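Undergrad: need a structure here:
(chains A, B and C)
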Amino acid sequence: MSAPARDVLASSAPAASRSGAGEPLVLHEDRFFSAEPTQRRIARALYEETRGLPLVCPHGHVEPALLAENAPFPEPTALLLIPDHYIFRMLYSQGVPLEDLGIPTRDGTPVEGDPRRIWQRFAEHWHLFRGTPTRAWLDHELHEVFGVRTKLSGDTAQAIYDEIAERLQSPEYRPRALFERFNIELLATTDAASDSLEHHRTIRESGWKGRVIPTFRPDAVLRIAAPTWRDALAAFERVHGAPIGDQAAFVDALATRRAFFKAMGATATDHAVVEPYTAALRPEEADALFQRARAGEATPADQRRYEAHMLLEMARLSTEDGLVMQLHPGAFRDHNGVVAARFGADKGADIPVATEYTRNLQALLETYGNDPRFTMVLFTLDESTYARELAPLAGHYPALRLGPAWWFHDSLEGMTRYRERVTETAGIYNTAGFNDDTRAFCSIPARHDLSRRVDANWLAGLVARHVIDMDDARPMARALAYDLVRRTYKLDADA
Amino acid sequence: MSAPARDVLASSAPAASRSGAGEPLVLHEDRFFSAEPTQRRIARALYEETRGLPLVCPHGHVEPALLAENAPFPEPTALLLIPDHYIFRMLYSQGVPLEDLGIPTRDGTPVEGDPRRIWQRFAEHWHLFRGTPTRAWLDHELHEVFGVRTKLSGDTAQAIYDEIAERLQSPEYRPRALFERFNIELLATTDAASDSLEHHRTIRESGWKGRVIPTFRPDAVLRIAAPTWRDALAAFERVHGAPIGDQAAFVDALATRRAFFKAMGATATDHAVVEPYTAALRPEEADALFQRARAGEATPADQRRYEAHMLLEMARLSTEDGLVMQLHPGAFRDHNGVVAARFGADKGADIPVATEYTRNLQALLETYGNDPRFTMVLFTLDESTYARELAPLAGHYPALRLGPAWWFHDSLEGMTRYRERVTETAGIYNTAGFNDDTRAFCSIPARHDLSRRVDANWLAGLVARHVIDMDDARPMARALAYDLVRRTYKLDADA
Amino acid sequence: MSAPARDVLASSAPAASRSGAGEPLVLHEDRFFSAEPTQRRIARALYEETRGLPLVCPHGHVEPALLAENAPFPEPTALLLIPDHYIFRMLYSQGVPLEDLGIPTRDGTPVEGDPRRIWQRFAEHWHLFRGTPTRAWLDHELHEVFGVRTKLSGDTAQAIYDEIAERLQSPEYRPRALFERFNIELLATTDAASDSLEHHRTIRESGWKGRVIPTFRPDAVLRIAAPTWRDALAAFERVHGAPIGDQAAFVDALATRRAFFKAMGATATDHAVVEPYTAALRPEEADALFQRARAGEATPADQRRYEAHMLLEMARLSTEDGLVMQLHPGAFRDHNGVVAARFGADKGADIPVATEYTRNLQALLETYGNDPRFTMVLFTLDESTYARELAPLAGHYPALRLGPAWWFHDSLEGMTRYRERVTETAGIYNTAGFNDDTRAFCSIPARHDLSRRVDANWLAGLVARHVIDMDDARPMARALAYDLVRRTYKLDADA
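TA: Prediction:
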């Protein structure tokens, strides 16, 4: 009984350091499992069965150029810090200017350019991340991907920087080599409707066997009130190869473009809205809105109705071409206008809002939710909807699957809450398996490992309380880690 | 320490089967209790004190004809599957057509008619229910009510069907015999305002001692915008024995009908609304709405105001006749129009919506909530209101009691969340005890057993953390299982 | 393993009583810690490091007159029951008339005047508080502050009354003596904008070393639609020493008054609104609303816009004078008009409402949330916003800190939920440490002790699951108990 407690307490005792002043960095074998010995023992047994399964990544934001070019990664700061809004927003929230973290300004005003100084600043604030998934992920990356064996701190920052920088030089750290070492079975990227998919073409034609596929994300051409809409439409017309003069032509062009994405390997589309409102418009109403947009006169209210209609159109096209439709509502983007004006979008200031699904999705689900050809994967940033709206909807409509705990909720407690609130009504088989949803390529194994540990531990809690037995738990663990995501995203068919 | 863990892991080893190919079906003695040994030991001790208490069922949907006629139950599929929307909605959500499950169509289009094939289909999808209360309830029914000792699966489906079918022939499986074996002290049904209560009369006059009472549910005559309203009013006029020409006459007729229900044993009324809005209208406004309804011209907005007013009227009548008023808001009924059109209502497509109580109930609670003659039992499908609105309201208003975790939340995790969110503000004595709320007669013991186990375990968690001691926990366990429901529903007086 | 379980179960065995008929009152050394032995051991170790730290109380409602006059407390009922709405609302919710509890009526209608009979009534209903923080706090007060060693009950009520009453006579129970014994480092009161702060002046001039500071709360002069607004403005004009004829003069007067509060030691302001709506008005719009208020013609809609604007003005003044701005939205005050009419405000009928932060606070946060001179402490009664809105906002804006679990949520489960929902996104360093927020002076140590135990136990859960290690947990425990509150409320500078 006392052994684990002694281990834990002992971990605070100073230990022999491998690199100068630092404490040893250890990833505990049983991390994220319950301290209760019975549950922990079962969790370990279940995790053993899933830890080695290939990683399936049907939704994420890795740049395909990375794997097309297969160039060495730059130094540690550019790789791990600058692109990670989880990291720099936390330092910003504690008063560190974004300029000091090397975040580029829109107008080119100079910012900190020395990656070692940025890395040092970050390491000195590492304590801010105690108890957060960012810390769990990064400790995993440092230890498992880069072989670091010393805890990050102000004292160890430069030595660790050197260690990573050195590794990044070697061929084993090229993107494709890591892709293989990470045991990634499939990686989907997210691509604008007007994307040429040239990097995807390069990958396919390279002879490399890694499976990297695009995802069709037409948001930019559907937001008719955005100041950028007309440019987005123009770009779309260019890849389409013809002008698009009315709503019917626009929908046809979208269908054609979806077919191109599908031919390039896509199995899914992705759609982000603030509110998941769906409603059918008559053809002439939809066209009137499209014309208003072309004239630069569409209002936010127009956009709301147009997007509501276009979600139905996208669902209809999915019943025809079989692409899985992903819907991500509820993020209020770029809440901090001051930061957005100076640094641009995606700077850690996207804030969730309460989201209504039951009434908003009725038009779409009634119309297409009973269709066996259709699959919709639904996400939320509003956990109050898990048990209240999402699980009852997914526990009824054949087309609906619930995406995993998303973004702010992709964490030990967040994923546990998701399972506890969803399963009793929807079961696990109406959920879509795990998505890492990341642009941080090197964090992919860490995210899957955390998810597999949390699910193993959650299942172990059910077994330990005799809600299910091990005969149930084993296939459930495998389903959550591997089978469900393949089935949901229709990945079994081709390879 | 290691014994329970070994038990659990061992349960996946193949074991001697009693009936052909199946694994043994075992209900673990400590199921649903924490794996932590101290808490588990206390939970067991508390559960031992409540497991044998009679079952009090003040709110449910069992057909009174069942106990009036006391005929043998039909075969297993008609008894256990066809009427249970928890079961068929889950199979439907995974693509099994409702036709294949024998759900009758409204237009008489033929559906699967072979109960054994339906049972087989269900058994082959039994894994979908892993981790759901439906599985816990049905395993309990199979084991405890029907003596099944083999796990349900595709392989064992027919043998188990035979076993149940055989038992249903015997007199011990007639409804009244089961009622007695289940140790049901009282069973309330739910009955339309225009119901003749003939089955209740038959039961009362039969000499059988089982206590079965009606509940007055006037929803159909209050929904003035529903296309069925005029038929509902006509049926109500027939039982009333006179035409009802204005609002005053309508309220008088309702009062008379409540008195009839009360004379037939009722102690409560029941009211379902989407939104728990309450507001007093002037008499002439209420009458104008009633006249508009009679003319077939009432709008949804009219109905909203009328229902808001009639909830106040129902509360007023409760202060006079003492009937306990139950309010169940927040279900958006028949969300899937396609299924509703083909199969009718109550097909597993009722989806909760976010619900506001603080502002909506103010008119009613201010006016009647301080009246010692009045008791209101309030339910919710929106768990975010437990700690935010419901516990503060129940912790203040003398008339208010919170109903148990309802519908989707009547589960291990759901009931635990309810206790954790409600108790710290409202205590347990402002809650109404357990309701099984079921139309599945044979599931009644399973539901009470689950509730008693969850409450025992929750209390054990408080004892183990020294929040309360065993002197507190024992009467609390009894209150939650038995005393509170009797007091809330005024069942102590008569028998 | 079995020892703790035996202890717990044994606690229900009758034990030798110290004072007549009662059971012994024991505060278990490990109360509120997990029953799981590893976690409990770690929790105990962490709690040992914080239990003795001084109490910092930056937000509360103790009357400064108490410490200015330092008179003996009255008898137990007037000290512990009459002012505590947590207590009398619970008895009221179970049908005990407020008159019987000695709550004074507004019109002077006589109420129960015998404190011993009130105390007896309370003791006989003590079981209602099982599982509530009120019981945990009061048991702590009885045991630790008053040395009571017998459980409260109807049988022991009078003996315990005598025991407390006797202690209250002695000099050790004078307010200042208790302040020192409680180890209070700082106590902030809450004071109307028009308060003369004479009691604060008395304390400062008395030579006593206890640090008691005011907090500037201008709500009464900002609620322009309240019937009491013109009286509040008149009182404010009197302390200001000049008439206030327009909006510009009003804002100047507020700035002047803030400076006075600051000179008297204040480091913060406090603002209560129903909805945290913020929006800038043009100067002439704001002045028009002020003039409408002066004419007695301001509507609730006017007040909504005016308060939204004045929150921005208060933030602006904070950037200038450095006072920390506290915002407490979401309480619907005096929900029960009948009780309010008879007994006045603050009678346990304030009920939370769902609260929106993301959109409502954007204007304020965009404008001032990036300013290093500004600190805003934000509270909520709507737990669904913890993970959805508040943690993402606090994890981005430099000015924002989240106040602790507030009011109904200041409890074992409530504080645990807060940590679990906030930390993974915002970390702990964007939270503001503990506030006791109490007017019950003798409950201050109980509240801090509960908070320190809950935080130690939560951290222990992270350590036991290897999310953090003891090197992380120790400074985190200290930060939560002591460092964060001092830093947030800018208490380090002066003393």
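Undergrad: Please make it C-alpha for all contacts and neighbour counts, starting now.
TA: Will do.
Undergrad: Could you list the residues in contact with stretch A:375-383?
TA: Residues outside stretch A:375-383 that contact it (C-alpha atoms under 8 Å, 6 or more residues apart in numbering or on different chains): A:318, A:322-331, A:352-355, A:399-409, A:418, A:432, A:488, C:384, C:388.
Undergrad: Let's see which of those end up in strands.
TA: A:Val324, A:Met325, A:Gln326, A:Leu327, A:His328, A:Pro329, A:Ala331, A:Pro352, A:Leu400, A:Arg401, A:Leu402 (DSSP state E).
Undergrad: follow-up on the earlier one: and chain B, which of the contacts of stretch A:375-383 contact it?
TA: A:Ala399, A:Leu400, C:Ser384 (C-alpha under 8 Å from any C-alpha of the partner chain).
Undergrad: what residues are up against A:Asp455?
TA: Neighbour list for A:Asp455: A:Met415, A:Thr416, A:Ala477, A:Leu480 [criterion: C-alpha under 8 Å, 6+ apart].
Undergrad: Look at it and tell me its secondary structure.
TA: Three-state call for A:Asp455 (DSSP: H, G, I helix; E, B strand; the rest coil): helix.
Undergrad: Quick check: the gap between it and chain C.
TA: Per C-alpha to the nearest C-alpha, to the nearest Å, A:Asp455 is found 14 Å from chain C.
Undergrad: cool, A:Glu205 as well?
TA: Separation of A:Glu205 from chain C (C-alpha to the nearest C-alpha): 41 Å.
Undergrad: got the buried residues for stretch A:298-316?
TA: A:298, A:302-316 (16 or more other C-alpha atoms under 10 Å in any protein chain shown).
Undergrad: quick one: average pLDDT of that stretch?
TA: Mean per-residue pLDDT for stretch A:298-316: 98.
Undergrad: mind checking how far that stretch is from the chain centre?
TA: The chain centroid and the centroid of stretch A:298-316 are separated by 24 Å under C-alpha atoms, centre = their mean, to the nearest Å.
Undergrad: pull the CA atoms of it into CSV?
TA: Output in CSV follows, covering the C-alpha atoms of stretch A:298-316 (Å, rounded to 0.1, in the frame of the first residue of the first chain):
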residue,chain,number,x,y,z
ALA,A,298,-24.0,40.9,-47.5
THR,A,299,-24.7,41.6,-43.8
PRO,A,300,-23.9,39.3,-40.8
ALA,A,301,-27.6,38.4,-40.7
ASP,A,302,-27.4,37.4,-44.4
GLN,A,303,-24.4,35.3,-43.7
ARG,A,304,-26.1,33.6,-40.8
ARG,A,305,-29.0,32.5,-43.1
TYR,A,306,-26.7,31.6,-45.9
GLU,A,307,-24.4,29.5,-43.8
ALA,A,308,-27.5,27.8,-42.3
HIS,A,309,-28.6,26.9,-45.8
MET,A,310,-25.1,25.9,-47.0
LEU,A,311,-24.7,23.4,-44.2
LEU,A,312,-27.7,21.7,-45.6
GLU,A,313,-26.2,21.8,-49.0
MET,A,314,-23.0,20.4,-47.8
ALA,A,315,-24.9,17.5,-46.1
ARG,A,316,-26.8,16.9,-49.3
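Undergrad: So that stretch, near chain B or not?
TA: No - counting by C-alpha under 8 Å from any C-alpha, chain B has no neighbours in stretch A:298-316; the shortest distance is 15.6 Å.
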